[in-house]
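1. task: produce atomic coordinates for the following.
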Amino acid sequence: MQFLWPQMLWLLLALPLLAAAYLYLIARRKKAAVLYASLALPRAALSPGQRLRRHIPPLLFLLALATALLACARPSATVTLPADTVTLVLAMDTSRSMEAADVAPTRISAAQQAARDLIVGLPASVRLGIVSFAATATVVLPPTNNRQDMLDAIDRFQLQRGTATGSGLIQALAVLFPDDGIDLEAILFGSVSPRSGRRAESLDEAAAADAARMREQERPPAQPGTYRHGAVILLSDGRRTAGPDPVDVARMAAERGVRVYTVGFGSPQGGAAGESSLSYFMQLDETALRAVATMTGGQYFQAGSAADLTQVYRQLSARFALERKETELGALLAAASVLLLVAACGLSMLWFRR
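-> You can find the predicted model right below:
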């Protein structure tokens, strides 16, 4: 636990002084007992339970004051809370290397089944968009809460030649930030850089793009991993053969604070599918996938089997269901202080009519 205003904790030193003042008043009352002709009368009036009970309201009042002083210091702590609405984009490699049978029955069949399990286990607060990439990247499904649409999109995957991992990541960011004007074609044909992702076709669009660029320059880049409303899961089973370098594209995600969780699927040594000349490109590029995850504050997972991939997806699903946040606890302590004060006053009125 941390305190935003730790200097307020010095006020807690007043509590021992109040306790000492209370004990002093109790001692003075004991001296007043000599006015009685016999001490047997007040002792008979006060049973052991009553003698203990008279100290409870002052103790509750002291606890209420201590809790209120702690609230004034604005304590905060990292707590696990249900996540807000999150948009998750699944970028899936659909290159021909996914025909490899090193993961039974094939990589693509195992990946599709694991994706179905992910969809079934997603929390209600998570919206899912799906992107597939081979030689280029395509939006298969915009973000939605409809689980059946997600399952149907997974079944529509078609394998093609090429592995454009960077293009898949760009398209995932375009889905996650539709208002940013991220244009995959413009980046591929060189009219814009991968870092900005913008293209202007008319004078009006050019002026709007320039104004947006100026706003971005005035706004400092976000810290990696600070974007709380979405993330990208990128699955690849081979090396990049087309499109921009995914490590360069990862800077776009990092500057927007987006975490990219990368999954290397299949055996590291590759598998056998189609032409033997593809064997090199079917080997996992763990270095690039790990670099993308590290740069964006995400995490890299290696899944060598269908069961491994399903377990990875389950871990990620649980991570998006619950979120660890730095939360200020002052309001809770203030409420507890009020309850303790009400209890102290209520018991004092109930037992002692004062």
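2. quick one: M1 and S76 touch, right?
-> Yes - using Cβ atoms under 8 Å, M1 is in contact with S76, at 7.2 Å. C-beta: built from backbone N, CA, C; applies to glycine.
3. if I look at those two, which residues touch both of them?
-> L329 (Cβ atoms under 8 Å, 6 or more residues apart in numbering).
4. ok, the two, which is more surrounded?
-> Between M1 and S76, counted using other Cβ atoms under 10 Å, the more crowded position is S76 (16 against 8).
5. what residue, apart from its backbone neighbours, is nearest the more buried one spatially?
-> Closest residue in space to S76, ignoring its immediate chain neighbours: E328 at 4.7 Å, by Cβ to Cβ, 6 or more residues apart in numbering.
6. what of D93?
-> Excluding the flanking residues, the one nearest D93 by Cβ to Cβ, 6+ apart is S236, at 4.4 Å.
7. ditto for L4
-> Nearest one to L4, counting by Cβ to Cβ, 6+ apart, is R74 at 3.9 Å.
8. what about stretch 128-145, how long is it end to end?
-> Stretch 128-145 has an end-to-end distance of 7 Å (Cα to Cα, to the nearest Å).
9. can you show me the helices along the protein?
-> Using DSSP state H, the helices of the chain run over 14-32, 40-45, 48-53, 56-72, 107-121, 147-155, 165-176, 184-188, 203-218, 246-255, 286-296, 306-321, 330-352.
10. winner for burial among those helices?
-> Neighbour counts (mean count of other Cβ atoms under 10 Å) averaged over each of these peak at helix 165-176, with a mean of 27.
11. which strands or helices does it pack on?
-> strand 86-93, strand 126-133, strand 137-144, helix 184-188, strand 230-236, helix 246-255 (3 or more Cβ pairs under 8 Å, 6 or more residues apart in numbering; DSSP states H and E).
12. and it, how far out from the chain's middle?
-> Chain-centre distance of helix 165-176: 20 Å, with Cα atoms, centre = their mean, to the nearest Å.
13. where in the stretch 1-150 of the chain is pLDDT low?
-> Scanning the stretch 1-150 of the chain for pLDDT under 70 picks out 29-51, 78-85.
14. can we see that at 80?
-> 1, 22, 24, 26-55, 77-85 (pLDDT under 80).
15. so what's the residue nearest to D93 up against?
-> Taking Cβ under 8 Å, 6+ apart as the test, what S236 contacts is 93, 163, 165, 168, 262-265, 284-285, 289.
16. please repeat the previous calculation with a cut-off of 10 Å.
-> For S236, the contact set (Cβ atoms under 10 Å, 6 or more residues apart in numbering) comprises 91-93, 95, 97-98, 133, 163-165, 168-169, 246, 262-266, 284-285, 288-289, 292.
17. now the helices and strands packed on helix 165-176 in JSON lines, with distance to L350?
-> Below are those laid out as JSON lines (distance: least, Cβ to Cβ, whole Å):
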{"stretch": "strand 86-93", "distance to L350": "49"}
{"stretch": "strand 126-133", "distance to L350": "50"}
{"stretch": "strand 137-144", "distance to L350": "57"}
{"stretch": "helix 184-188", "distance to L350": "72"}
{"stretch": "strand 230-236", "distance to L350": "54"}
{"stretch": "helix 246-255", "distance to L350": "61"}
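18. so which of these gets nearest V338?
-> In this view, these are compared for proximity to V338 by Cβ to Cβ, and strand 86-93 is the closest at 34.4 Å.
19. S97 contacts T165, correct?
-> No - the criterion here is Cβ atoms under 10 Å, and S97 misses it with T165 at 12.0 Å.
20. so where is the stretch 251-354 of the chain shaky, pLDDT-wise?
-> For the stretch 251-354 of the chain, the ranges with pLDDT under 80 are 266-284, 318-327, 348, 351-354.
21. which one of the helices of the chain lies closest to V86?
-> helix 306-321 (5.3 Å).
22. what's the angle between the closest one and strand 126-133?
-> Angle, helix 306-321 to strand 126-133, by axes from the mean of the first three to the mean of the last three Cα atoms, to 10 degrees: 140 degrees.
23. measure how far helix 306-321 is from the centre of its chain, please.
-> The answer for helix 306-321 is 15 Å, by Cα atoms, centre = their mean.
24. show me what it is packed up against.
-> strand 86-93, helix 107-121, strand 126-133, strand 230-236, strand 259-265, strand 300-303 (3 or more Cβ pairs under 10 Å, 6 or more residues apart in numbering; DSSP states H and E).
25. great, nothing more from me.
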